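Chemist: Need coordinates for the following:
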Amino acid sequence: MSMLEKVTLLAITDLTFSAETPAYPYEVRSAIEDCIEPLADEVIGMPDEAAVSRALNALEADGYLELVETEDPSPVGKGRPCYSLQDDPDMVLSELSTDDRIGTAIQQVRADHAD
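Modeler: Residues are numbered from 1 along each chain as shown. Take a look at the predicted model:
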């Protein structure tokens, strides 16, 4: 899994904890911005929406995310992809925690949503 896919998965996990899923790619991109703030020491730039969409598609193909149909059509009437997490968010964070490069961001997500 690429670093962008990991950060994208972390962002959608954060949105899941906040009950803000299913989420559109632009919402996930905004959540990525919040998630990568603690990663200032890593070389992670802010991805554009097209890169986030590619990461979301890859995560959906790998079974991490579920594509959700919405009734909110795009301006051209083709529909907008919307994504939700396929697995338990705590399990996803545990899986992501094997990468020390994003450990600080994972800790922040856990802290933000501690009971």
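Chemist: any idea how far residue 88 lies from residue 31?
Modeler: Residue 88 sits 18 Å away from residue 31, going by CB to CB, to the nearest Å. Backbone N, C-alpha and C define where each C-beta goes, glycine included.
Chemist: Just give me the neighbour total for residue 28.
Modeler: For residue 28, the neighbour count with other CB atoms under 10 Å is 29.
Chemist: oh, and call the first residue 18 from now on, that's how I've got it
Modeler: Understood, numbering begins at 18; the last thing we discussed is residue 45.
Chemist: Okay, buried residues for the helix or strand encompassing it please.
Modeler: Take DSSP states H and E as the rule and residue 45 turns out to sit in helix 42-53. By 16 or more other CB atoms under 10 Å, the buried positions in helix 42-53 come out as 42, 44-49, 51-53.
Chemist: before we move on, what about stretch 124-132?
Modeler: 125-127.
Chemist: Could I get these in a markdown table, plus columns for distance to residue 111?
Modeler: Formatted as a markdown table, the buried residues of stretch 124-132 follow (distance: CB to CB, whole Å):
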| residue | distance to residue 111 |
| --- | --- |
| 125 | 15 |
| 126 | 12 |
| 127 | 10 |
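Chemist: quick one: which of these sit in helices?
Modeler: 125-127 (DSSP state H).
Chemist: Residue 82: which of those is nearest?
Modeler: Using CB to CB, residue 126 comes nearest to residue 82 of these, at 16.5 Å.
Chemist: which residue packs closest to that closest one, ignoring adjacent ones?
Modeler: Nearest residue to residue 126, sequence neighbours excluded (CB to CB, 6 or more residues apart in numbering): residue 31, at 4.9 Å.
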